[in-house]
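Colleague: sequence unavailable; structure follows:
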């Protein structure tokens, strides 16, 4: 299991990945994920607009080409995600969902908006 440390930023190690969505979608995306399998850690990041950051497991195969919905951002390690004054919505405790499951949950939520 990964160790996640958050201060002014969340540090993503090589091979780590996160998906950032507007907080207004966050609860619905997490509900869809919970229905499909492991939820994984979620970090709420304040700012001009509150954002939720879903920590995910990258897929071993190359990602198929796709267009990101507006307001969605992928973060890939190694790198740092600005996370000042953030809080855990779901604390790290178990398995990470695959990035494909989060993409699918986002598509489902966007379809009904």
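Modeller: All right, it came through fine. Predicted, not measured: the structure shown is a model, and the values here were computed from it.
Colleague: next, count neighbours for the nearest residue to residue 12 once chain neighbours are set aside.
Modeller: Counting by CB to CB, 6 or more residues apart in numbering, residue 77 is the residue found nearest to residue 12 once chain neighbours are left out, at 3.2 Å. Glycine gets a C-beta too; all of them are placed from N, C-alpha and C. Neighbourhood size, residue 77 [other CB atoms under 10 Å]: 16.
Colleague: do the one 5 residues further on as well
Modeller: Applying the criterion other CB under 10 Å, we find 12 residues in the vicinity of residue 82.
Colleague: how much space separates it from residue 11?
Modeller: Per CB to CB, to the nearest Å, residue 82 is found 11 Å from residue 11.
Colleague: can you give me the strands in the protein?
Modeller: All strands of the chain, identified by DSSP state E, fall at 9-12, 17-22, 42-45, 51-56, 73-76, 79-82, 87-90.
Colleague: tell me the most buried of the ones you listed?
Modeller: By mean neighbour count, with neighbours taken as mean count of other CB atoms under 10 Å, strand 51-56 ranks first of the strands of the chain at a mean of 24.
Colleague: quick one, which of the strands of the chain is nearest to residue 106?
Modeller: Closest to residue 106 of the strands of the chain, according to CB to CB: strand 17-22, at 6.5 Å.
Colleague: other SSEs contacting the closest one?
Modeller: strand 51-56, strand 73-76, helix 99-111 (3 or more CB pairs under 8 Å, 6 or more residues apart in numbering; DSSP states H and E).
Colleague: spatially central residue for the chain, please.
Modeller: Ranked by distance to the mean C-alpha position of the chain (CA atoms, centre = their mean), the top residue is residue 54 at 1.8 Å.
Colleague: tell me what that residue is bridged to.
Modeller: As for beta bridges, residue 54 partners with residue 19, residue 42 under DSSP bridges.
Colleague: and the pLDDT for it?
Modeller: Note for residue 54: predicted pLDDT of 95.
Colleague: start at 54 instead
Modeller: All set: I'll call the first residue 54, so the last point we hit is now residue 107.
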